[in-house]
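[1] prediction below, plus the sequence it came from.
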Amino acid sequence: MKEQLAINGGEPVRSKPLPPMLRGAMLYGEEETEHVAKVVAAGSPFRYYGPDLQGAVEEFERLMAERLNVSYVLGVSSCTAALIVALKALGIGYGDKVIVPANTFTATAGAVVCANAVPVFVDMDDTLNMDVDDLERVMDDEVKAIIAVHINGSPCDMDRVMAFARKYDLPVIEDVAQSLGCTYKGRYCGTIGDIGVYSFQMQKILTAGEGGAVVTNSPELFERAARYHDQGNFRDKGKYQITPQFSLIGQNYRMNEMTGAVMIEQWKKLDTVISAMRSHHLTIREALNKQVPGIRIRPSVDLQGDVDCVFALQHATKAAADSFVEAMNAENIFCFKMYGGEPIYMQSFILNQRTTDKDNFPFNYPFQKPVIYSKGMCPHAEDLLQRTTLLPVSPIMTDEDTQDIINAVVKVCKGLKLEGISWPNSSLA
């Protein structure tokens, strides 16, 4: 291995980039093409009726319910749609606050606002997930739900999240957009809280380009979700033998049959995707723990349940993380900071509470405890996100690719003299 860093004129570890930061998309094959072609040939792309309905969405929902051991699955058009549907199923709306972690994608907070409620942000812990110890800080009588996000393939501490939620009689939405197949103490993430949501967007564990799902064990929540996603209709009451209880206005967040067809074939590849990522991740973890003294690998509350779609390193300082990112990319190993190293509330439109509605609805509600966002309100997230670097793990990586990542990390840590100055390994790791 060449010792001189590429940023200093040395030869890069790789001559070409690693596979892109995609998972299920990298395993597309004739199966997806043929299944979509059947739907097109049948002239029936709408899930509920057509001249020769193929039942693709219904079959995908069945497969997902069977794997997750959950009573009800509802295919929707995106995970953003799934979040909104889940919030409305729970009756969340104007005058409500919803707890959202500081470290998440824009859609988690945005969906709360689109459901006419207001997010209040809780700090994160070293796992990059919600800091349960910070929940009391944002709790008041106007908080009506919690969204627990399982970030980048690793679960939240759901025992403690659920204990807090039950203490205050709050429903829990699990956002599993980035962590399909992730488990916590043997249970699939998304099935532990009251309702779970999933994403099938392009970068996710499995993908149809776009798409999402809502899951629950509650027939009441399922009926409300089904109605809200289908203009108030509940077309599957006979199938599920549910006696209708609700009448409500909804929107259109339906999944189409072509998306369902792709997801059937993608679903069959879930074990392949996860096992490949776990294998590569474990190889990297074991090698770096031996070769880089004092390296700090992101800890987990359930390492066996992680789906290992990224390899996260936590550095002693922001400057060290910045240097590491620059040096790794020069070695042709893609490396980055999650969300640019900032919590989600630092995006200007969230920080300044900007919406398209009159009087900045729903932020104009006269809350007893006003909702104010400011830099510094989640200090650990603001600090640690600047010191955390991510290396994508692809299911199509080869053993040579994995070794290149190891070689590059070792080379960069030695070249930048980062060995021994990071935190000691966590007992959670």
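    Nice, I can see it.
[2] so what's the residue nearest to residue 40 when sequence neighbours are not counted up against?
    Of all residues beyond its chain neighbours, the one nearest residue 40 is residue 258 (7.3 Å), with distances taken as Cβ to Cβ, 6 or more residues apart in numbering. For the C-beta atoms, the positions are set from N, CA and C on the backbone; glycine is no exception. Contact analysis of residue 258 by Cβ atoms under 8 Å, 6 or more residues apart in numbering lists 36, 39, 40, 45, 56, 208.
[3] for the stretch 101-250 of the chain, which segments count as helices?
    Listed in chain order, the helices of the stretch 101-250 of the chain (DSSP state H, counting those that start in this stretch) span 106-114, 135-138, 158-167, 219-229, 237-240.
[4] tell me the mean pLDDT for the fourth one?
    If I follow you right, that is helix 219-229. What helix 219-229 shows for mean pLDDT is 98.
[5] which residues touch the worst-scoring helix or strand of the chain on mean pLDDT?
    Using mean pLDDT, DSSP states H and E, the weakest-scoring helix or strand in the chain turns out to be helix 237-240, at a mean of 89. Helix 237-240 is contacted by residues 72, 219, 222, 223, 243, 244 when judged by Cβ under 8 Å, 6+ apart.
[6] could you find the closest non-adjacent residue to the residue nearest to the spatial centre of the chain?
    For the chain, the residue nearest the mean C-alpha position is residue 178 (2.6 Å; Cα atoms, centre = their mean). Nearest residue to residue 178 in three dimensions, chain neighbours excluded: residue 152, at 5.3 Å (Cβ to Cβ, 6+ apart).
[7] count the residues that sit near that neighbour.
    A count of nearby residues for residue 152, using other Cβ atoms under 10 Å, gives 23.
[8] got the confidence number for it?
    97.
[9] residue 153 contacts residue 306, correct?
    Yes - if you go by Cβ atoms under 8 Å, residue 153 and residue 306 touch, sitting 5.5 Å apart.
[10] got any residues that touch both of those two?
    residue 182.
[11] so, low pLDDT: which residues of the stretch 1-150 of the chain?
    The stretch 1-150 of the chain contains residues with pLDDT under 70 at 1-2.
[12] figure out the helix or strand that the residue nearest to residue 40 lives in.
    Element membership of residue 258, judged by DSSP states H and E, is helix 257-267.
[13] helix, strand, or coil at the closest residue to residue 353 other than its chain neighbours?
    Of all residues not flanking residue 353 in the chain, residue 363 sits nearest, at 4.3 Å (Cβ to Cβ, 6+ apart). At residue 363 the chain is in coil, as set by DSSP: H, G, I helix; E, B strand; the rest coil.
[14] what's near enough to touch residue 363?
    When contacts are counted by Cβ under 8 Å, 6+ apart, residue 363 touches 113, 118, 353, 355, 371.
[15] thought the first one was touching residue 361?
    Yep, that's residue 113 we're talking about. No - counting by Cβ under 8 Å, no contact exists between residue 113 and residue 361, whose distance comes to 9.2 Å.
[16] look at those two and report which has more neighbours.
    residue 113 (21 against 13).
[17] give me the mean pLDDT for stretch 324-344.
    On average, stretch 324-344 scores 97.
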